[in-house]
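1. Only the shape, not the letters, is given here:
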């Protein structure tokens, strides 16, 4: 929607309200409506919203994309101000070019720490929606809050979780996106029950080329709920596997075959599109662009590190089913030879050293909290023996959709990783990482994780049970949870898995949602928010569970303690009694 003034300037309706000095509270919140006029400006339109990211104390990345109406270079101006009406903006100018798919990414510098800013872009007579961002605090800091999300499959439903975060956006210092920001699959390949009509991937085939990855980014960025969330707060993002291909590792991916060209070419295309379309800083000079790890300092309260566990050093994930005969013959031998192989890397030496040194300095400086933004579950999660609980009739019913159920049940007898693609599939690398942290005196890491489409609360320990911290796992934005497979048996499955693993404090595979992390100087609170549906834009939300997390001294180590889960339903209280 647009309004034309006597001067001939065409602006968004929000821009008109700002110029007139009216609009009240509405003018203080980011506009998320994209330009829908039938007339295009001379330079293009802003159809993908705005975003900000990778905030520092005195700078932040601002992002948008221009949809051009003609070939050539598009000149784009940007403004940033503490006032949403932009009376005294700091402004700059840049260009949108075809080489970067007409995306625009600028660094606004010389800002004030811990300050809310508003920003916008302009080209010709067109003005973008207005975004809201915030710089990191400096010095004494009493509290930080984050919305933590992952796993948004466009085909699996509406992004109601993003909408919920946007509505609560003024609470948060940043949104932490832990990966699987989009999915590479073709249309209907990874289907979901009750899929909403019209939620079909573009392009319809699996994305492989640079053009493919760009088109998929474009589709996701046109979603109004994603636009609303990124317009409300800065994003700190890390990638997982689906930003390239499922179960990716240093030398390939499960979802990449020889008929799809060279893995290096596909990976390069995916990363080029990612750096163009995401509000992240460009690769560190002298470091491979796959090495996408960095840290953020929230005053004297929190040191946050985003890690990279896919493309830099990770060894190829084990497909446990491929070793069925060997496991049945000698499970311990399989574990010793393959699973516990010390050469199987996850982080690599350079990244591990970076994390340990950064956290050790944080500890020495007296910073209360050290948090790791992490892709896949770090806590131990071994498969219990399911065979006594699954009847032949149930097996036959499951087999129709999952032919591998028989192998799964057979393997469940041997205490193997429930998720081999997670840190459980790399136990030597995890112990090496924990050992380095332990040696540095860092045993109080708060880990937030995505990937699993489930909520978890886990204690983190070394192989000898030395405490290392706590982990909280966010469910998915839309990607289907285990209830899509197990139905009413999901809650019992959650209980069985939790009781079989000492480090697991809570497990909920029932709902889509996100987690809120709130950290104060002496304690923290983790709240798991859920939505009741993703197959309709008409949804409800609720608190699935919440936990306190507090520093404590145990076995001579400064570590973390997870409190009992609160806010549970009567059924959950019965299931999880005694686990707190």
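-> Done, it's in. Predicted model, so just to flag it, every value in this text is computed and none were measured.

2. Tell me where the stretch 101-250 of the chain has strands.
-> 103-108, 116-123, 126-127, 131-134, 143-149, 174-177, 235-237, 248-249 (DSSP state E, counting those that start in this stretch).

3. Pairing partners for the fifth one, with directions?
-> This means strand 143-149. Using DSSP bridges, strand 143-149 pairs in its sheet with strand 174-177 (parallel), strand 512-520 (antiparallel).

4. just the fourth one next, same as before
-> Here strand 131-134 has these sheet partners by DSSP bridges: strand 116-123 (antiparallel).

5. re earlier: the strands paired with strand 143-149 into a markdown table, with extra columns for mean pLDDT and distance to residue 502?
-> Just so you know, the C-beta spots here come from the backbone N, C-alpha and C atoms, and that holds for glycine as well. As requested, the strands paired with strand 143-149 are exported to a markdown table (pLDDT from 0 to 100; distance: least, CB to CB, whole Å):
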| stretch | mean pLDDT | distance to residue 502 |
| --- | --- | --- |
| strand 174-177 | 99 | 28 |
| strand 512-520 | 99 | 22 |
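
6. rewinding a little: which of the strands of the stretch 101-250 of the chain sits closest to residue 373?
-> strand 174-177 (5.4 Å; CB to CB).

7. Go through that closest one and flag the buried ones.
-> Residues of strand 174-177 classed as buried: 174, 175, 176, 177 (neighbour count, 16 or more other CB atoms under 10 Å).

8. what's the distance between the closest residue to the third one other than its chain neighbours and residue 367?
-> Of all residues beyond its chain neighbours, the one nearest residue 176 is residue 148 (4.6 Å), with distances taken as CB to CB, 6 or more residues apart in numbering. With distances taken as CB to CB, to the nearest Å, residue 148 is found 20 Å from residue 367.

9. thinking again about what came up before, mind listing what the residue nearest to residue 176 touches?
-> The contact partners of residue 148, by CB atoms under 8 Å, 6 or more residues apart in numbering, come to 175, 176, 178, 448, 450, 472, 474, 514, 515, 516, 517.

10. same deal with residue 87?
-> Neighbouring residues of residue 87 by CB under 8 Å, 6+ apart: residue 81.

11. Could you report the pLDDT at the most centrally placed residue in the chain?
-> In the chain, the C-alpha nearest the mean C-alpha coordinate belongs to residue 178, at 2.1 Å (CA atoms, centre = their mean). On the pLDDT scale, residue 178 is placed at 99.

12. pretty sure it is in contact with residue 449, am I right?
-> Yes - if you go by CB atoms under 8 Å, residue 178 and residue 449 touch, sitting 6.5 Å apart.

13. list residues touching both of these two?
-> Common neighbours of residue 178 and residue 449 (CB under 8 Å, 6+ apart) are 374, 375, 474.

14. For these, which entry has the maximal number of neighbours?
-> Among the shared contacts of residue 178 and residue 449, the one with the most neighbours (other CB atoms under 10 Å) is residue 474, at 32 neighbours.

15. Help me confirm that residue 468 is found in a strand?
-> Yes - checked against DSSP: H, G, I helix; E, B strand; the rest coil, residue 468 lies within a strand.

16. Return the residues in contact with it.
-> 434, 437, 438, 443, 445, 460, 461, 462, 559.

17. which of these lies closest to residue 540?
-> Set against residue 540, the nearest of those by CB to CB is residue 460 (33.2 Å).

18. Next, the angle strand 512-520 makes with the helix or strand where that closest one lies.
-> Element membership for residue 460, per DSSP states H and E: strand 455-461. If you take axes from the mean of the first three to the mean of the last three CA atoms, to 10 degrees, strand 455-461 sits at 50 degrees to strand 512-520.

19. picking up where we left off before, any chance of CSV for the strands of the stretch 101-250 of the chain, columns distance to residue 393?
-> Output for those, formatted as CSV (distance: least, CB to CB, whole Å):
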stretch, distance to residue 393
strand 103-108, 54
strand 116-123, 58
strand 126-127, 62
strand 131-134, 55
strand 143-149, 38
strand 174-177, 42
strand 235-237, 45
strand 248-249, 38
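
20. closest to residue 204 out of those strands?
-> Nearest of these to residue 204, taken as CB to CB: strand 248-249 at 22.0 Å.

21. strand partners of the very next helix or strand once past the closest one, parallel vs antiparallel please.
-> As assigned by DSSP H and E, the chain's next helix or strand after strand 248-249 is strand 252-253. Here strand 252-253 is paired, per DSSP bridges, with strand 248-249 (antiparallel).

22. hmm, who's touching the strand it pairs with?
-> 241, 254, 256, 267, 310, 311, 314, 315, 316, 317.

23. And the helices in the stretch 1-150 of the chain?
-> 13-20 (DSSP state H, counting those that start in this stretch).

24. where does it have low pLDDT?
-> Low-confidence segments of the stretch 1-150 of the chain (pLDDT under 70): 1-42.

25. go on, the stretch 451-580 of the chain?
-> 570-580.

26. all helices for it, in order.
-> Taking DSSP H, counting those that start in this stretch, the helices of the stretch 451-580 of the chain run over residues 483-486, 490-499, 570-575.

27. what about the residue nearest to residue 158 when sequence neighbours are not counted, distance to residue 162?
-> Spatial nearest neighbour of residue 158, chain neighbours left out: residue 537 (5.2 Å); criterion: CB to CB, 6+ apart. Between residue 537 and residue 162 the computed distance is 12 Å (CB to CB).

28. can you tell me which residues contact the nearest residue to residue 228 once chain neighbours are set aside?
-> Of all residues not flanking residue 228 in the chain, residue 166 sits nearest, at 3.7 Å (CB to CB, 6+ apart). Applying CB under 8 Å, 6+ apart to residue 166 gives the contacts 32, 225, 228, 229, 231, 232.

29. Present these as TSV; the columns should include neighbour count and distance to residue 204.
-> Compiled in TSV, the contacts of residue 166 are given as follows (neighbours: other CB atoms under 10 Å; distance: CB to CB, whole Å):
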residue	neighbour count	distance to residue 204
32	22	27
225	20	23
228	24	27
229	32	26
231	25	29
232	28	32
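
30. Could you point out which of those residues is nearest to residue 194?
-> Nearest to residue 194 among these, with distances taken as CB to CB, is residue 225, at 17.9 Å.

31. quick check: longest strand of the protein.
-> Across the chain, the longest stretch assigned as strand under DSSP state E is strand 541-554.

32. which residues touch the closest residue to residue 560 other than its chain neighbours?
-> Leaving out its chain neighbours, the residue that sits closest to residue 560 by CB to CB, 6+ apart is residue 470, at 4.4 Å. By CB under 8 Å, 6+ apart, residue 470 lies in contact with 446, 447, 457, 458, 459, 460, 549, 560, 561, 562.
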